[in-house]
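S.K.: Here is a sequence together with a model predicted from it:
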Amino acid sequence: MAAVAHAPVPASLRSGTPAILDIEASGFGRASYPIEVGYILGDGTSFCTLIRPAPTWTHWDTSAESVHHIPRTTLDRHGRSVAEVAATLNERLRGQTLFSDGWGHDYPWLSALFEEAGCVPLFRLDSLRKLLSEDEANRWQRTRDRISGEFSLARHRASVDAWLLQQTWLRVQEEAEAD
């Protein structure tokens with residue numbers, strides 16, 4: 001199950017708006033693996049897909065499932081193969097840099113996806129923190145919480161999280177400019 005859409009683009013969308021990638025996983029730690037990947041580009045184009053676990057990916061943490069609400073059976077039924085997801089990401093993201101707020105987790109999960117697929121990413125994943133000044137980083141969490149409340153975002157999923165992160169970046173930029 002994959003979705004490509006154009007997210008609502010705020011009037012304040014600006015040149016240089018970062019592309020954001022987010023990954024949901026089977027849990028945390030060395031045995032965990034990606035189960036959903038989503039991104040939103042600077043122009044508002046978004047993509048999200050479930051990932052069918054590779055046969056050797058067996059770790060499952062029920063506490064992680066209680067956060068993302070994606071049962072393993074849903075992945076088995078509706079997920080796309082690891083190879084298909086890696087190929088799709090490379091095709092759509094070639095040469096781009098995407099940013100993650102959880103780089104320390106997302107990078108190893110992305111690496112696990114591409115290693116299992118037998119290829120390398122043709123795009124770069126970097127830390128979103130690199131785009132923020134100290135003042136902007138200090139504003140980040142309360143701004144994110146405010147936007148989440150404004151849009152009643154209860155769903156913790158990759159594409160929704162990527163959209164929320166991009167909107168938070170935009171709002172933090174607006175607030176910093178207003179000061």
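M.R.: Received it, and whenever you're ready, just let me know what you need. Quick caveat: nothing in here was measured; it's all calculated off a predicted structure.
S.K.: pretty sure Trp46 is touching Leu21, no?
M.R.: Careful, residue 46 is Ser; it's not Trp. No - using CB atoms under 8 Å, Ser46 makes no contact with Leu21, being 10.6 Å away. Heads up, the C-betas are built off the backbone N, CA and C, glycines and all.
S.K.: hey, what's in contact with both of these two?
M.R.: Residues touching both Ser46 and Leu21 by CB atoms under 8 Å, 6 or more residues apart in numbering: 38-39, 162.
S.K.: Phi first, then psi, for Pro34.
M.R.: phi -70, psi 140 (degrees, to the nearest 10).
S.K.: Distance-wise, check it relative to Ala178.
M.R.: 38 Å (CB to CB, to the nearest Å).
S.K.: Could you check which of the two has the larger neighbour count?
M.R.: Pro34 (26 against 6; other CB atoms under 10 Å).
S.K.: Distance check, that one against Ser66.
M.R.: 18 Å.
S.K.: before we move on, back to that, so Ser46 and Leu21 - more neighbours on which side?
M.R.: Ranked by neighbour count (other CB under 10 Å), Ser46 and Leu21 place Leu21 first, with 32 against 22.
S.K.: what's that one in contact with, if anything?
M.R.: 37-39, 98-100, 106, 110, 125, 162.
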